[in-house]
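Chemist: Sequence and predicted model, in that order:
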Amino acid sequence: MGIHVPSNVPMESTPFKRMEFEIDEIAYDFYIEYGRKVSFSIRKEYENKCKKTRVVTSTRFVCAKEGVRGKNKRDQNIKNPRAEIRCGCEACLVIVLNRDSKKYVVNEFIAEHNHYLHLPSIVHMMPSQRKVTATYAIEIDLAHESRLRLKQSYEFLSKQVGGYDNLGFTKQDHKNYLRTKRQRDMEYGEAASSGGYFSRQLKENPSYYFATQLHCEELITNIFWANAIMIIDYIHFGDVITFDTMYSTNRDVRPLGLFLDLNHHRETVVFGGALLYDETIEFFVWLFETFLEAMSEKKPILFS
């Protein structure tokens, strides 16, 4: 039997079937606010879009404890895996686009939960409630421009409000904000400059190779390049290569990765470079595949 939601939630804050929203984002914000008052965290389970117009046609918002993650999806190599938080909760809100009115209509709403809800004192730290507000964003930007490290900046902000629990966002949220900001800066500023530089190089030398990696919002995250000399050097001396990311001399301390080794005179030769904005496993897979493509799929005998 499910645990019913508190009865003290105002009617105007509670969803109901056939309820209408002008846009899907308003529905999402409404359900987040409802989750705050009821004390449960939400997430977006799926979103359908029209293939031609890319307009959202339906969305399902669920309790964060919806579903049960299968054992086959858990990494067996992790020594101390995080505790499973999902318990098959069916609480949800489903909205569907009415093609006549152009509004989003609540098609399904389940209020019951099969688990205990969060205490009101910790609601602000639930994943769906955590948010870097505009005020904090300004302070984070100022700290970043002042070259404060992320840990120092986060500690400074927490002391102003009497502790980490009063911030309303975690250190990871802080890091994610800076990462997203760097990516947007890259798209609107540095990307144009970098793109122009690489285009000129390619025009002057057709053998020049460069590639960029985009993330889900089509923002540039990483760049790889290799000129003709680098490619020729790799043909002759690329049996053993090293990938070094120890260089971080630019203003934003973004790692500069280099593929390099020694030539027959024991001089260092560079086979390619990469400017890192996203140091994830997916990035390194993309980088090494791109490197091999630039080098005509010639694989090194030894890589370090």
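Modeler: Done, it's in. Since we're looking at a predicted model, the values are computed, not measured. Numbering: from 1, shown residues only.
Chemist: so what pLDDT did the closest residue to Val123 other than its chain neighbours get?
Modeler: Spatial nearest neighbour of Val123, chain neighbours left out: Ser39 (5.3 Å); criterion: C-beta to C-beta, 6 or more residues apart in numbering. C-beta: built from backbone N, CA, C; applies to glycine. pLDDT, Ser39: 87.
Chemist: Ser39: neighbour count?
Modeler: The number of residues packed near Ser39 is 20, by other C-beta atoms under 10 Å.
Chemist: With Glu293 as the reference, measure out to it.
Modeler: According to C-beta to C-beta, to the nearest Å, Ser39 stands 51 Å off from Glu293.
Chemist: now do Thr59
Modeler: Taking C-beta to C-beta as the measure, Thr59 falls 37 Å from Glu293.
Chemist: Neighbour count: the two, which is higher?
Modeler: The neighbour comparison of Thr59 against Glu293 (other C-beta under 10 Å) goes to Thr59, with 22 against 12.
Chemist: Need the phi and psi values for that one.
Modeler: When read as degrees, to the nearest 10, the backbone of Thr59 gives phi -150, psi 140.
Chemist: and it, what does it touch?
Modeler: Asp24, Ala27, Tyr28, Lys44, Tyr46, Glu47, Asn48, Val94, Ile95, Tyr104 (C-beta atoms under 8 Å, 6 or more residues apart in numbering).
Chemist: I'd like those written out as TSV, with secondary structure added.
Modeler: Formatted as TSV, the contacts of Thr59 follow (DSSP: H, G, I helix; E, B strand; the rest coil):
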residue	secondary structure
Asp24	helix
Ala27	helix
Tyr28	helix
Lys44	strand
Tyr46	strand
Glu47	strand
Asn48	strand
Val94	strand
Ile95	strand
Tyr104	strand
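Chemist: Buried only: go through these for me.
Modeler: Asp24, Ala27, Tyr28, Val94, Ile95, Tyr104 (16 or more other C-beta atoms under 10 Å).
Chemist: I'd like to know which of these is nearest to Val270.
Modeler: Nearest to Val270 out of those is Tyr28 (C-beta to C-beta; 47.2 Å).
Chemist: who are the neighbours in contact with that closest one?
Modeler: Contact analysis of Tyr28 by C-beta under 8 Å, 6+ apart lists Lys44, Thr59, Phe61.
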